[in-house]
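J.: Show me how the following folds:
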Amino acid sequence: MNKLTRTKIISIFFLLMGTEPAWAYLDPGTGSLILQSLIAGIAGLLVVGRLYWAKLKNFITTAFSRRNAQPAANKPVDNERENKDPELP
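T.: Predicted coordinates:
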């Protein structure tokens, strides 16, 4: 450890040792702020969950679907069905 780093560590140690305890209290405004932060965090998680719900649902259905158990490389390609217009009989 070089001399400058050691000096910084010792200086921070002595600065922290010189602090006195704070005789403070939490007023109702602080409790309200904590409650608002908690509600905002839950609301944010719900919004993010709503945004990604379709992707998550699609991933789960494709991951656990028995129909998709065969790899895509082994599936036959039906070009006529893909090119057919769905509105025509």
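
J.: looking only at pLDDT, what's the mean for stretch 51-65?
T.: Across stretch 51-65, pLDDT averages out at 88.

J.: please renumber so the chain begins at 17
T.: Got it, first residue is 17 now, which makes that one stretch 67-81.

J.: I'd like the distance from that stretch to the chain centre, please.
T.: 17 Å (CA atoms, centre = their mean, to the nearest Å).

J.: Just the buried positions in it, please.
T.: Going by neighbour count (16 or more other CB atoms under 10 Å), nothing in stretch 67-81 comes out as buried. To be clear about C-beta, it is placed using only N, CA and C from the backbone, and glycine gets the same treatment.

J.: CA-only coordinates of that stretch in CSV, if you can.
T.: In CSV, the C-alpha atoms belonging to stretch 67-81 read as follows (Å, rounded to 0.1, in the frame of the first residue of the first chain):
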residue,chain,number,x,y,z
LEU,A,67,-45.2,-4.2,-19.7
TYR,A,68,-43.3,-7.6,-19.9
TRP,A,69,-46.3,-9.9,-19.1
ALA,A,70,-46.9,-10.9,-22.7
LYS,A,71,-43.2,-11.7,-23.3
LEU,A,72,-43.0,-13.7,-20.1
LYS,A,73,-46.2,-15.6,-20.9
ASN,A,74,-45.0,-16.3,-24.5
PHE,A,75,-41.7,-17.6,-23.1
ILE,A,76,-43.3,-19.9,-20.6
THR,A,77,-45.8,-21.3,-23.1
THR,A,78,-43.1,-22.0,-25.7
ALA,A,79,-40.8,-23.5,-23.1
PHE,A,80,-43.3,-25.9,-21.6
SER,A,81,-45.3,-26.7,-24.8
